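Colleague: Below are the sequence and a predicted model; questions follow.
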Amino acid sequence: MTVRRSAAALATTALLLGAASPAAVAAPSPSPSADLPPGLYGTTDPTYDGVWRQSLAFLAQKIEYVTPSAAAVDWLVGQQCDSGAFTSYRDASKPCDASTVMDTNATAIAVQALVELNQHREDANNGADWLKSVQNEDGGWGYNPGSPSDANSTSIVIGALARTGVPIGEVTTADGSTPYTALQALAIGCGKEDGGAFAYQADKKGGLTANADATAASVLGLMGKGIASGTSNAVKDPVCAKGDADDLSPEQSAQNGAYYLATALEKTPYLEQAPMPGAEDAAPQPDFGNTADAVVALTASGHKDKATATVEWLAENSKSWARQGGPAATAQLILAAHATGAQVRDFGGVNLVQQLNATGPAPATVAEPSPTPTGPQPSSGTSSDDGGLGLWWLIGIGLAFGAGIGFLLSMRRKKP
């Protein structure tokens, strides 16, 4: 998700204008010194995205058989407060206090990363408990506790809770609202302009404006999936089901969002950036991050065929963006390429895994994936290893026991 860029831009804008900014755009911590802390991925100022880019890097590495270094994981865990929450970035030598600005997005993605790494599970559970404790009355979450619910924050929190085994339908408020309720309230009905899309938030009058990034996030959220949702071999035609949000299941609303994304990518193989204020007449530019997120959402919802041309476009055009964007950008491309079975280690001539690894401490281990891109992939909290026996073992056993024919099943063995 590119919500992190938006948040940083909003914070910068608020500071420049001298506006009385709400907690959602308050600086989460002082700017770091020129010497970045050891273990951190990337070389740019981590004030607004330190935890985000670290966690996203871990998620991308995990699905490509890379185990990050202990120093890198320790840095992430050290960012957590005693309450279970994470900030966007903080000086871990100082304890969290009432002035520390907690970040639901950072907490949710850190929880997902720790679960996928199968490390510090107690810390992940504490993060999930904190997220449940700051749920809004409408069932959703905002960027910071107490801020209005938005589609991106609600979706990534759903992913975190789901990864820790929390039944999303049971995370209810006093009036029975669930996280799904909050997301479906931001859906634009089919048959309307931009039907199937989701808004980031409703405006002051309750109006909804289609937002591609919010739509991609909502598709995953309504399916109860995390950012590293993997792939789906199911292939079905996108359909936009008409009806009020109350009449549709979360799955139907998710499929409506996939319909909107698939329709948008039929026009061009990429999504476009929203124009900045005052630049409405400028030529539209591709939004690489949102495009990669849309690929993951489409694939997870059973429409991998609708993302094929987009992945090919990303492979041809995203090299500069990924290098400049650092670990988070490269990780987004890995997630998109992996979901569709593209060659992650030769994506438009770039080894994305190698490029990501180079942005942080040397990984603890790096293994090659299955030679079949669409074959079995490692799942949550596991690593993959070949536990089968070779041909000569078969022959030896056969000779030793005098059995004319023996069968040994070689299968992938998953270990913690």
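Modeller: Alright, I've got the coordinates.
Colleague: all contacts plus neighbour counts: C-alpha atoms, from now on.
Modeller: Will do.
Colleague: which residue ranges form the strands in the stretch 1-150 of the chain?
Modeller: 66-67 (DSSP state E, counting those that start in this stretch).
Colleague: quick one: low-confidence parts of it?
Modeller: 1-34 (pLDDT under 70).
Colleague: repeat that for 90
Modeller: Across the stretch 1-150 of the chain, residues meeting the criterion (pLDDT under 90) sit at 1-38.
Colleague: the helices in it, which residues?
Modeller: 3-17, 50-63, 70-78, 104-117, 121-133 (DSSP state H, counting those that start in this stretch).
Colleague: Outside of the shortest one itself, list whatever touches it.
Modeller: Taking contacts as Cα atoms under 8 Å, 6 or more residues apart in numbering, the residues outside helix 70-78 that touch it are 38-41, 51, 54-55, 92, 110, 120, 123, 360-361, 364.
Colleague: now for those, which pair is the farthest apart?
Modeller: Greatest spacing in the contacts of helix 70-78, by Cα to Cα: A92 and A364 (23.3 Å).
Colleague: ranking the contacts of helix 70-78 by neighbours, who comes first?
Modeller: A110 (31 neighbours; other Cα atoms under 10 Å).
Colleague: wait, isn't that residue in contact with S55?
Modeller: Yes. With contact defined as Cα atoms under 8 Å, A110 and S55 form a contacting pair (5.3 Å).
Colleague: related to what we said a few turns ago, which one of the helices of the stretch 1-150 of the chain has the most crowded surroundings?
Modeller: Of these, the one with the most neighbours on average (mean count of other Cα atoms under 10 Å) is helix 104-117, at a mean of 28.
Colleague: Can you show me the CA trace of it as PDB?
Modeller: Output of helix 104-117 as PDB, limited to C-alpha atoms (Å, rounded to 0.1, in the frame of the first residue of the first chain):
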ATOM      1  CA  THR A 104      -2.100   1.400  13.500                       C
ATOM      2  CA  ASN A 105      -0.600   0.800  10.000                       C
ATOM      3  CA  ALA A 106       2.900   0.300  11.400                       C
ATOM      4  CA  THR A 107       1.500  -2.000  14.200                       C
ATOM      5  CA  ALA A 108      -0.500  -4.100  11.700                       C
ATOM      6  CA  ILE A 109       2.300  -4.600   9.200                       C
ATOM      7  CA  ALA A 110       4.800  -5.400  12.000                       C
ATOM      8  CA  VAL A 111       2.400  -8.000  13.400                       C
ATOM      9  CA  GLN A 112       2.100  -9.600   9.900                       C
ATOM     10  CA  ALA A 113       5.800  -9.700   9.400                       C
ATOM     11  CA  LEU A 114       6.500 -11.300  12.800                       C
ATOM     12  CA  VAL A 115       3.900 -13.900  12.200                       C
ATOM     13  CA  GLU A 116       5.300 -14.700   8.800                       C
ATOM     14  CA  LEU A 117       8.800 -15.000  10.200                       C
END
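Colleague: okay, the angle between that helix and helix 50-63?
Modeller: Here the directions of helix 104-117 and helix 50-63 differ by 30 degrees (axes from the mean of the first three to the mean of the last three Cα atoms, to 10 degrees).
Colleague: what's the offset of helix 104-117 from the middle of its chain?
Modeller: 9 Å (Cα atoms, centre = their mean, to the nearest Å).
Colleague: Show me what that helix is packed against.
Modeller: Packing partners of helix 104-117 (3 or more Cα pairs under 8 Å, 6 or more residues apart in numbering; DSSP states H and E): helix 50-63, helix 121-133, helix 151-163.
Colleague: Contacts for the first one next, please.
Modeller: Think helix 50-63. With Cα under 8 Å, 6+ apart, helix 50-63 has contacts from 4, 40-42, 67-68, 76, 79, 86-89, 105-106, 109-110, 112-113, 116-117, 228, 327-328, 331-332, 334-335, 338, 353, 356-357, 377-379.
Colleague: Please work out the average pLDDT along stretch 223-232.
Modeller: On average, the pLDDT along stretch 223-232 is 84.
Colleague: Where does the prediction get shaky in the stretch 151-300 of the chain?
Modeller: For the stretch 151-300 of the chain, the stretches with pLDDT under 90 are 228-237, 243-246, 273-284.
Colleague: Helices along that one, start to end?
Modeller: 151-163, 179-184, 212-222, 250-267, 288-300.
Colleague: circling back: to A300, which of the helices and strands packed on helix 104-117 lies closest?
Modeller: Here helix 151-163 is closest among the helices and strands packed on helix 104-117 (Cα to Cα), at 13.0 Å.
Colleague: Could you list which residues are in contact with the spatially most central residue of the chain?
Modeller: Closest residue to the average C-alpha location of the chain: I227 at 2.8 Å, with Cα atoms, centre = their mean. Residues near I227 by Cα under 8 Å, 6+ apart: 156, 159, 220.
Colleague: want to throw these into a markdown table with neighbour count and distance to V101?
Modeller: Formatted as a markdown table, the contacts of I227 follow (neighbours: other Cα atoms under 10 Å; distance: Cα to Cα, whole Å):
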| residue | neighbour count | distance to V101 |
| --- | --- | --- |
| I156 | 28 | 18 |
| G159 | 28 | 22 |
| L220 | 29 | 27 |
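Colleague: Relative to N256, which of those residues is nearest.
Modeller: Ranked by distance to N256 (Cα to Cα), the contacts of I227 are led by L220 at 12.0 Å.
Colleague: How about the contacts made by that closest one?
Modeller: Counting by Cα under 8 Å, 6+ apart, L220 has contacts 155, 159, 226-227, 229, 254, 297, 300-301.
Colleague: A182 against G140, yeah?
Modeller: Yes. Counting by Cα under 8 Å, G140 is a contact partner of A182 at 5.1 Å.
Colleague: Can you work out which residues contact both of those two?
Modeller: 149, 154.
Colleague: Between the two, which is the more surrounded one?
Modeller: Comparing A182 with G140 by neighbour count (other Cα under 10 Å), the higher total belongs to G140, at 29 against 21.
Colleague: What's the separation between that one and P179?
Modeller: 5 Å (Cα to Cα, to the nearest Å).
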